[in-house]
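K.L.:
coordinates for the following, if possible.
(2 chains)
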Number of protein chains: 2
Amino acid sequence: MSSNRLGMQTISFSKQPRLFSFHTLVGPLEGKGPFGQDFHEILPNDHLGQKTPEKTERLMLELAIQKTLDQQNVSPQDLQFYIAGDLLNQITTSALSAGSLGVPFLGIYGACSTFCEALGLGAVLIQGDMAQQVLIGTASHYQTAERQFRYPLELNIQHSQTNHHTVTGAAAAILGQRDFGPRLTLATFGTIVDKGLKDSGDMGSAMAPAAFATLKQHLTDTGQKIEDYDIVLTGDLGSQGSKMLKILAERENMTGLDRFQDGGGLIYGPGQGGGAGGSGSACVAVMTLGYLASQIESGKAKRVLVIATGALLSPLTVLQGETIPCIAHAIALEA
Amino acid sequence: MSSNRLGMQTISFSKQPRLFSFHTLVGPLEGKGPFGQDFHEILPNDHLGQKTPEKTERLMLELAIQKTLDQQNVSPQDLQFYIAGDLLNQITTSALSAGSLGVPFLGIYGACSTFCEALGLGAVLIQGDMAQQVLIGTASHYQTAERQFRYPLELNIQHSQTNHHTVTGAAAAILGQRDFGPRLTLATFGTIVDKGLKDSGDMGSAMAPAAFATLKQHLTDTGQKIEDYDIVLTGDLGSQGSKMLKILAERENMTGLDRFQDGGGLIYGPGQGGGAGGSGSACVAVMTLGYLASQIESGKAKRVLVIATGALLSPLTVLQGETIPCIAHAIALEA
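P.N.:
Numbers count the residues shown, from 1 in each chain, chains lettered A, B, ... in the order given. Got it, this is the predicted structure:
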């Protein structure tokens, strides 16, 4: 087995690259939620004066990138890669946001798992002496996701209890070798887990087995137990998927389940209309770089595991009767 | 600068991982083209008994993977990563093809540049001691691309001279350290190049400046000239984009332009109705693993540079008046 690998699916980063600059911004609804104070910026409205929500989503990502660069006086020339992805067809938010940077661009697609895929790949490039600083970014917007994946808002379709609410938000971060910021020490890249579910209105249930598979593999590969982490943050299982994850873990007699938190399940408060919870590629990103990073900074958490889940369906595969292939990628962050 | 980097955008792979197993399959039209004899398999029809072209596209990729594995008796457990992408919304062909493998999956999106992005990332993982064997794959299908990006075939829309014809095909390859197969020695990851073009019916013109930018950077980073390669295969510029690439190179007094070949421009013969040329994420993949690999194997070419270009637009961004962000990633293959 090669030297940077642990077990079957995990990579260990001895260089411990750090998230030394990052910025999260969220829409007004997310800003009013229970974690509003943890995000770096709350937008005054969900359009920012743009003509379409797609243009707003792109602007949000560009703003998050600009603030991430400015904060530590990093110029695009100091970056060797920009890794990004989003939910929109052909990841156009990411590609358009890369246009003005002039940084080698790696477009990825992992749906709501994008954030951990991007960070894991960024750490791979740094660990492998192929980059010194890597920018990652992602964004999602309630309105762009609704019209692409579901129904036009104007139809005012009734939502069911298992439906998620796509987070309006954007996040960017720079990974590199500095003497501050959370360290990225481990990444476990997930396999596709497909239990045959077909209900695109209940993605939490579809994704929970993928989250569990990656968690279990991560613990096996690294010889750890859940209690070695102060928080295990999944995203975005929501209320339905979180219940299922707990059942799966209990079945295998795992302990430490009080460490489980779910980004999607937490981001909206009761009465906010968030359905089963938040989703979208920005959800786990803003919860990690907003909430988790502040827990680490304040000393309330020393080691956290982020497991970002993705449901890799499309409206067309649903119509054609395909099941929902799901994935989860995990990264460990340490103080 | 870190040890595996050359210049601004290039990574040098001292381990020289080899493409030791690969398989290409194409549709009947591509099989009748001038390079038909170079592809490993020509499908008897373009549906393979499937109910929808999306299901056919997925089956094609699965077949290419299976034959790539079987050929060298590699089992999925011997693979550390599967990297794939395609043109379809949410890269569902790739995600569904990964479902039965059980290999850690990295979904990427680079449109027609996917093949080089996948191979470059695969080599990164091997060079960085994070994998020993990486599977990559991609596929495209004329009918799935037409209905997603253009018009339903039933409308029988007249094509213009600058329109490309999406290649029906699939390709898979395993990269690893063996004592046979073309060596992957260099990768140059491109930046987004956007010259303000908006005509989605002429992607060759939009992508040519991206191909040129990556070529120029590759030569600068590595201290080489075009003549150091026997063939520089771009894909998919087609007739229009190839003309433009030549003009851009002549303007900077580059020599060796007789080494330029374009996968999209070559794959269809006159009278086959291929328009300005082939495109789709399978195009440069089948031309590289079919045609180029056989040139290397027969000793007709010793060093080749593959520059895969991608137009990162979507039908929605076109409707919203956005310009077309383009990218090109390059890899060098040596005997």
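K.L.:
how about the residue of the stretch 151-300 of chain A found nearest chain B, nearest residue that isn't a chain neighbour?
P.N.:
Proximity of the stretch 151-300 of chain A to chain B (Cβ to the nearest Cβ) peaks at residue A:189, 3.9 Å away. For glycine as for every other residue, the C-beta is placed from the backbone atoms N, C-alpha and C. Spatially, and ignoring its direct neighbours in sequence, residue A:189 is nearest to residue B:104 (3.9 Å; Cβ to Cβ, 6 or more residues apart in numbering or on different chains).
K.L.:
still on that earlier bit, can you give me the neighbour number for the residue of the stretch 151-300 of chain A closest to chain B?
P.N.:
Neighbour count for residue A:189, taken as other Cβ atoms under 10 Å in any protein chain shown: 30.
K.L.:
isn't it up against residue A:120?
P.N.:
Yes. If you go by Cβ atoms under 8 Å, residue A:189 and residue A:120 touch, sitting 6.1 Å apart.
K.L.:
pull up the overlap in contacts between these two.
P.N.:
A:11, A:329 (Cβ atoms under 8 Å, 6 or more residues apart in numbering or on different chains).
K.L.:
may I have the phi/psi pair for the residue in chain A that chain B sits nearest to?
P.N.:
In chain A, the residue that lies nearest chain B is residue A:128 (2.7 Å; Cβ to the nearest Cβ). The phi/psi pair for residue A:128 (degrees, to the nearest 10) reads phi -80, psi 10.
K.L.:
and it, what does it touch?
P.N.:
Applying Cβ under 8 Å, 6+ apart, the residues near residue A:128 are A:4, B:4, B:124, B:125, B:127, B:128, B:129, B:130.
K.L.:
and it, what's its pLDDT?
P.N.:
Residue A:128 carries a pLDDT score of 97 in this model.
K.L.:
what parts of the stretch 101-250 of chain A come near chain B?
P.N.:
A:101-111, A:117, A:121, A:124-125, A:127-132, A:189-192, A:194 (Cβ under 8 Å from any Cβ of the partner chain).
K.L.:
just the buried ones among the residues you listed, please.
P.N.:
With burial judged by 16 or more other Cβ atoms under 10 Å in any protein chain shown, the buried subset of those is A:101-111, A:117, A:121, A:124-125, A:127-132, A:189-192, A:194.
K.L.:
in which helix or strand would I find residue A:304?
P.N.:
strand A:303-311 (DSSP states H and E).
K.L.:
also residue A:119?
P.N.:
helix A:114-127.
K.L.:
next one: residue A:97
P.N.:
Using DSSP H and E, the element containing residue A:97 is helix A:92-98.
K.L.:
check which element follows that helix along the chain.
P.N.:
strand A:105-107.
K.L.:
give me the contact list for that following strand.
P.N.:
A:81-85, A:91, A:94-95, A:98, A:121, B:108-110, B:117, B:121, B:189-192, B:312, B:327.
K.L.:
so residue A:48 is in contact with residue A:56, correct?
P.N.:
Yes. Between residue A:48 and residue A:56 there is a contact under Cβ under 8 Å: 5.1 Å.
K.L.:
ok, those two, which is more surrounded?
P.N.:
residue A:56 (25 against 15).
K.L.:
burial of the residue nearest to that one when sequence neighbours are not counted, as a residue count?
P.N.:
Closest residue in space to residue A:56, ignoring its immediate chain neighbours: residue A:50 at 4.3 Å, by Cβ to Cβ, 6+ apart. Residue crowding around residue A:50 was assessed by other Cβ under 10 Å; the count is 14.
K.L.:
measure residue A:50 to residue B:211 for me?
P.N.:
Look at residue A:50 and residue B:211: by Cβ to Cβ, to the nearest Å, they are 32 Å apart.
K.L.:
ditto for residue A:304
P.N.:
Applying Cβ to Cβ to residue A:304 and residue B:211 gives a distance of 43 Å.
K.L.:
now residue A:151
P.N.:
To residue B:211, residue A:151 is 40 Å away according to Cβ to Cβ.
K.L.:
neighbour count for those two, which is higher?
P.N.:
Ranked by neighbour count (other Cβ under 10 Å), residue A:151 and residue B:211 place residue B:211 first, with 33 against 10.
K.L.:
now the host helix or strand of the more buried one and helix B:114-127, what's the angle there?
P.N.:
Assigned by DSSP H and E, residue B:211 belongs to helix B:203-222. Between helix B:203-222 and helix B:114-127, the angle comes out at 30 degrees (axes from the mean of the first three to the mean of the last three Cα atoms, to 10 degrees).
K.L.:
how about helix B:203-222 and chain A, any contact?
P.N.:
No. With Cβ under 8 Å from any Cβ as the criterion, chain A is not reached by helix B:203-222; the gap is at least 9.2 Å.
K.L.:
got the angle for that helix vs strand B:303-311?
P.N.:
For helix B:203-222 against strand B:303-311, the angle by the same axes, to 10 degrees is 140 degrees.
K.L.:
for chain A, which spans come out with low pLDDT?
P.N.:
A:1-2 (pLDDT under 70).
K.L.:
redo that, cut-off 50
P.N.:
Chain A contains residues with pLDDT under 50 at A:1.
K.L.:
how about residue A:146, what does it touch?
P.N.:
A:152, A:153, A:166.
K.L.:
state the distance from it to residue A:140.
P.N.:
11 Å.
K.L.:
which residues are in contact with each of these two?
P.N.:
When contacts are counted by Cβ under 8 Å, 6+ apart, residue A:146 and residue A:140 are jointly contacted by residue A:166.
K.L.:
wait, residue A:17 sits on residue A:125?
P.N.:
No. Using Cβ under 8 Å, residue A:17 makes no contact with residue A:125, being 9.2 Å away.
K.L.:
what residues are shared contacts of these two?
P.N.:
residue A:134.
K.L.:
now do the helices in chain A.
P.N.:
According to DSSP state H, chain A carries its helices in the segments A:28-31, A:53-71, A:92-98, A:114-127, A:142-149, A:203-222, A:238-251, A:263-267, A:281-286, A:293-297, A:315-319.
K.L.:
winner for burial among those helices?
P.N.:
helix A:281-286 (a mean of 35; mean count of other Cβ atoms under 10 Å in any protein chain shown).
K.L.:
is any residue of it near chain B?
P.N.:
No. Using Cβ under 8 Å from any Cβ, helix A:281-286 never reaches chain B; the gap is at least 11.6 Å.
K.L.:
show me the contact partners of that helix.
P.N.:
So helix A:281-286 is in contact with A:24-26, A:30, A:39, A:85-87, A:110-112, A:114-116, A:138-140, A:166-171, A:233-236, A:263-264, A:267, A:306, A:308, going by Cβ under 8 Å, 6+ apart.
K.L.:
pairing partners for residue A:10 in the sheet, please.
P.N.:
Residue A:10 has these beta-bridge partners by DSSP bridges: residue A:6, residue A:188.
K.L.:
residues contacting it?
P.N.:
A:186, A:187, A:188, A:217, A:218, A:221, A:222.
K.L.:
residues near the second one, how many?
P.N.:
So that's residue A:187. Neighbour number of residue A:187 under other Cβ under 10 Å is 27.
K.L.:
wait, it sits on residue A:16?
P.N.:
No. In this structure, residue A:187 is not within contact of residue A:16 by Cβ under 8 Å, at 12.0 Å.
K.L.:
could you report the neighbour count for residue A:91?
P.N.:
Residue A:91, neighbours per other Cβ under 10 Å, totals 28.
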